[in-house]
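Novice: I would like the atomic coordinates for the input below:
(chains A, B and C, ligands or ions: 4)
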Amino acid sequence: MKGNEAVAEGAIRAGCKGFFGYPITPSSEIAEYMARKYPKIGGIFLQAESELAAINMVYGGAATGVRVMTASSGPGISLKQEGISFIAEAELPCLIVNISRGGPGLGGIQPAQSDYFQATRGGGHGDYHIIVLAPASVQEMMDFAIDAFELADKYRIPVMIMAEGTLGQMMEPVIPRKMVTEFVDKPWATTGCRGRQPNIINTLHLTPESLEKRNIHLFSKYAEIKAKESRAETFLLDDAELVVVAFGLMARVVKKAIMEVRRKGVKAGLIRPITLWPFPEEYIKRTIKTAKIFLSVEINMGQMLEDIKLVVNGEVPVDFYGRIGVNPNPEEIAEQLLRVAEREGI
Amino acid sequence: MKVVATRPQSLTNAKFHYCPGCTHGIIHRLIAECIDELDQRENSIGICPVGCAVLAYEYFNLDMLEAAHGRAPAIATGIKRILPDRCVFTYQGDGDLASIGMGEIVHASARGEKISVIFVNNTLYGMTGGQMAPTTLIGQVTTTSPYGRTVEQAGYPIKMAELLAQNEGSAYIARTAVNTPANVVKTKKAIKKALQTQMNNKGFSMVEILSTCPTNWGLNPIDALKWLEENMIPNYPLGEFKVKEE
Amino acid sequence: MAKGRVRFHTERCKACELCVHFCPRKILGVDMDTINLLGYHPVKVNLPENCNGCGICALMCPDLVIEVERD
Ligand SMILES: Cc1ncc(C[n+]2csc(CCOP(=O)(O)OP(=O)(O)O)c2C)c(N)n1
Ligand code: SF4
Ligand code: SF4
Ligand code: SF4
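Specialist: Numbering: from 1, shown residues only, chains lettered A, B, ... in the order given. Ligands and ions are numbered 1, 2, ... in the order given. Okay, here's the model as predicted:
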C-alpha cells in the first residue's frame, strides 16, 4: 500500500475515531482514505473549511478524550500552528501528520525536509515542543501512527509524524498491525460533568506565577520525554569515522551509499534520528570519540545540522550536504562521502 | 414565600470581572437559567471566546473550554461530532465571531452544525480597549476610528443574524437585546429556543444579543442602555430571522 | 398588592444602579454610608414594605446580587 494510506490505516488501528482536515498535495490521500473508511466503521470524517478550522476541530475532538487526528503539508501546517500551540498548552493528545513539501511560500510538492525547524522548535508561539516522528518506510508509516497515539496519550502531548512527500506516495508491502483495544483513562476530558466536578480546558494564565508554573510543568514533562523516548536507528556505526546523520526516506538512500563506500574501504556509518524531537542526542554523543567527522545529509538547506552541532559542541567537524526539491540518489551521496573521506583522511 | 430570582445552578459562585453595568453578566445568567431549566447542566460543554468573556470558564458550573480568538465554532464542531448527544454552546463577541472567526462561524452554520452560538454584539472590541469591530456603526467613534467610522475607510457594519439566516444549515437565528426587562425576558426565550433547536437535532442555532460596553462607550450603565436602544436597534433590528420547523 | 422581599449579596454589588433605575416602585438606592470590598457603595432597599416581589431588579442585575421572594 501507499505510505499515505498506511499512516491512515495505522491511525484507524490505533483507535483514532476522528479525522479533520483540508486537502493539500501531497497529503490528500490520507483524507481520502478516511473519507472512504470512516462511514463504514463509525468514525468521524470532516473536511474543514481551512486548516485553522481543522486543527481546532482536533482541539475539540481531543478534548473529549477520543483519539483524533489531522494531516496536511507545508502551507497547511503553517496555518495549523496557532492551534498546535493551544493544543500543546492545553495538553491534549492528538496526531498531526505532515507529508512535507518544499517551501518557503507555496514552494512546491517536490520532496523536501524543510519543515524540520518548524516541527522541532514547536512551530507556533510560546515555549513548547511536540513529539516528532520521522518514518523511513511504508511499514513505519503504519507503525508510527500507533506509536504516536500511545505517546500522545501517555504524555498528553500532540505528536507529529513528518514524512517526505515521496514516502507518502511510495508503495511497499505492509504487515498490518493489530487493533489497539486498551486505552488510558482521561479523567480530564470535557464530556459533560455528570457525576463529577466540571472540567476546564484552558490556556490562559493571568498571573506571572501561574504562567511560569505552567511553563515549568510543561518543561519537566519535556525533560521526561527527552530522557525516555529519544529514538534512533544506527547502521555500521561501531567503527565509523565518517558518521552520516540523516532522517526519513533520506536515511535509506544514505544506507545504500554507505554500503557502496564501505566496499572502497571508507569507514562510514549512519545515525538515523527517529524522533526528531526529542533529538536523539545520546546517539551522537556516544559517537563523538570515534568519529572524525559528522556529515548531515538533508533535503533542505541545513536544519538538523544545527542540532548535531549543538551536541558535538565543536569537538569534531560537522559538515553538510543537502539538496532541495530532489531526493539525491545513492550514487550522488556516495560521491559526497568519498569527497569528505578523502579530505579528512578517512 | 416563593423564590422569584436566585442564582442558577449552572453558574459558579465566582464574582464576574466585568465592568459595572456591563450586560455580559445578564447574558451569562440567562444562559445558565436556560441550561438549568432544560436540565442540561451535566450534559453541557461550553466554549468561551477571546474577548471580555475569556474567563467565562470560571463562571459556568459545567465542562468548559477556552478557544483561540474566533475558533470556538470549530472546537464546538469537533466536540459535537464526537459526542452528538451533548449540549454544546459557544459564547462569542463581535470581534471574535464577526471578524477573525468569520470563516469558522459561517461554515459551522452552513454545515448545519448542531451547536448553539451566543453572540454578544457590543459594536466594538471591549477587551483590548475599545477598537473598531465589524459591527461598529457608521459614524461611531472608537479608538481605531477616532473621527467616527466612515464607509470610505472601513465599509459597512456586518449584520450577522441576517447573514447566517440565509444558510440552509441555520435552523434558528434571532437577534435580541438586553436593554429593558421585557427585552431581557425575550432574550432568555430566544436562548432557550436555540438550545432546544440543538437538542431536537434541527441544525445550527445562534442568538445575536445587543449588549452594552459602558466603559468603552464612555457612558454610565443606564445611558449605555439608552444608547443601545437609540443607535443599535435601528441598525440591528430585533426579531427571529430563521425558525426551521420539522 | 403582592408582597415581596429582596435580599442583597452586597459584596458582589458594583453600584451600576440598573436595579435602581428599573425598580417600578422606586424603592432601591445606593447606600452612601457603606463601601464593599469591591470599592463600591452597594445597593440597599429604602422602603422594603413597598416591594411587590416583581423580580425586575434581579432580572436587570448583571452581577447576581439580588434574590427575590414573593408571597
Ligand atoms: C489571534 C489574536 N489576535 C488578536 C487578539 C487580541 N484580542 C483579544 S480580544 C480581542 C477582541 C475582542 O473583542 P470582541 O470579540 O468584540 O469581544 P468583547 O471583548 O467586546 O466582549 C482581540 C482583538 C488575540 N487574542 N488573538
Ligand atoms: S470592557 Fe466593555 S464589554 Fe468588556 S467588561 Fe467592560 S463594559 Fe463589558
Ligand atoms: S422586586 Fe420589584 S419592587 Fe421589589 S425591589 Fe425588586 S424591582 Fe423593586
Ligand atoms: S444592578 Fe446589581 S450590581 Fe448594579 S447596583 Fe443593582 S444590585 Fe448592584
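Novice: List the contacts of the residue of chain B found nearest ligand 3.
Specialist: Using CB to the nearest ligand atom, the closest approach of chain B to ligand 3 is made by B:V4 at 7.1 Å. C-beta here means a position set from N, CA and C on the backbone, and glycine is covered the same way. Remark: with contacts taken as CB atoms under 8 Å, 6 or more residues apart in numbering or on different chains, B:V4 is in contact with C:G4, C:G53, C:C54, C:G55, C:A58, C:V68, C:E69, C:R70.
Novice: Quick check on the first one: phi, psi?
Specialist: Backbone torsions for C:G4, taken as degrees, to the nearest 10, come to phi -130, psi 170.
Novice: Now stretch C:1-9: average pLDDT?
Specialist: Taken as a whole, stretch C:1-9 has an average pLDDT of 93.
Novice: now for that stretch, what's the gap between its first and last residues?
Specialist: As for stretch C:1-9, its first-to-last residue distance stands at 26 Å under the measure CA to CA, to the nearest Å.
Novice: How about it, which residues are buried there?
Specialist: For stretch C:1-9, burial by neighbour count (16 or more other CB atoms under 10 Å in any protein chain shown) applies to C:G4, C:V6, C:F8, C:H9.
Novice: show me the contacts for B:T176.
Specialist: B:N183, B:K186, B:T187, B:A190, B:V207, B:E208, B:I209, B:L210, B:L238.
Novice: Let me know the secondary structure of whichever residue of the stretch 201-346 of chain A sits closest to ligand 1.
Specialist: Here the stretch 201-346 of chain A gets closest to ligand 1 at one residue, A:L204, 9.8 Å apart by CB to the nearest ligand atom. What DSSP: H, G, I helix; E, B strand; the rest coil gives for A:L204 is coil.
Novice: Same check on A:E140?
Specialist: Using three-state DSSP, the secondary structure recorded for A:E140 is helix.
Novice: that older thread, my read is the residue of chain B closest to ligand 3 is in a helix, agree?
Specialist: No - counting by three-state DSSP, B:V4 is not part of a helix but strand.
Novice: so how far is A:V184 from it?
Specialist: As for B:V4, its distance to A:V184 is 48 Å (criterion: CB to CB, to the nearest Å).
Novice: How about A:A54?
Specialist: Relative to A:V184, A:A54 is positioned 25 Å away (criterion: CB to CB).
Novice: Over to B:A154?
Specialist: In this view, B:A154 and A:V184 are 51 Å apart by CB to CB.
Novice: Give me the more crowded residue out of those two.
Specialist: Using other CB atoms under 10 Å in any protein chain shown, the more surrounded residue of B:A154 and A:V184 is B:A154, with 15 against 11.
Novice: pretty sure the more buried one contacts B:M132?
Specialist: Yes - here B:A154 reaches B:M132: they are 6.5 Å apart, a contact under CB atoms under 8 Å.
Novice: Can you check which residues contact both of these two?
Specialist: A shared contact of B:A154 and B:M132, defined by CB under 8 Å, 6+ apart, is any residue touching both; here these are B:S145.
Novice: ok now do residue 34, which residues does it touch?
Specialist: Assuming you mean chain A. Shown in contact with A:M34 (CB under 8 Å, 6+ apart): A:A8, A:I12, A:F19, A:G21, A:G43, A:F45.
Novice: my question was about chain C
Specialist: C:T10, C:H41, C:P42, C:K44.
Novice: let's go with 10 Å and repeat that
Specialist: C:T10, C:C13, C:Y40, C:H41, C:P42, C:V43, C:K44 (CB atoms under 10 Å, 6 or more residues apart in numbering or on different chains).
Novice: cool, and A:P328?
Specialist: A:P328 makes contact with A:P111, A:M250, A:V253, A:V254, A:A257, A:V297, A:I299, A:Y321, A:G322, A:A334, A:E335, A:Q336, according to CB under 10 Å, 6+ apart.
Novice: try 8 Å this time
Specialist: Residues near A:P328 by CB under 8 Å, 6+ apart: A:M250, A:V253, A:V297, A:I299, A:Y321.
Novice: picking up where we left off before, from the contacts of A:M34, which two are the most distant?
Specialist: For the contacts of A:M34, with distances taken as CB to CB, the pair at the greatest spread is A:I12 and A:G21 (14.4 Å).
Novice: more neighbours, those two?
Specialist: With neighbours defined as other CB under 10 Å, A:I12 and A:G21 compare such that A:G21 has more, 29 against 23.
Novice: was I right about that one contacting A:I44?
Specialist: No - under the criterion of CB under 8 Å, A:G21 makes no contact with A:I44, lying 11.5 Å away.
Novice: Setting aside sequence-adjacent positions, which residue approaches A:H205 most closely?
Specialist: In space, not counting the residues next to it along the chain, A:H205 is nearest to A:L211; the distance is 4.0 Å by CB to CB, 6 or more residues apart in numbering or on different chains.
Novice: Let me know how buried that neighbour is, in neighbour terms.
Specialist: Using other CB under 10 Å, A:L211 is surrounded by 12 other residues.
Novice: do the same with A:R121
Specialist: When neighbours are counted by other CB under 10 Å, A:R121 comes out with 14.
Novice: any idea which helix or strand carries the residue nearest the centre of chain B?
Specialist: Using CA atoms, centre = their mean, the residue of chain B that lies closest to the mean C-alpha position is B:F119, 2.0 Å off. B:F119 is part of strand B:116-121 when elements are defined by DSSP states H and E.
Novice: What mean pLDDT does that strand get?
Specialist: This predicted structure assigns strand B:116-121 an average pLDDT of 98.
Novice: Within the sheet, what are the partner strands of the next helix or strand after it, with directions?
Specialist: Sequence order places strand B:124-125 as the next helix or strand after strand B:116-121, per DSSP H and E. Partner strands for strand B:124-125, per DSSP bridges, with pairing direction: strand B:131-132 (antiparallel).
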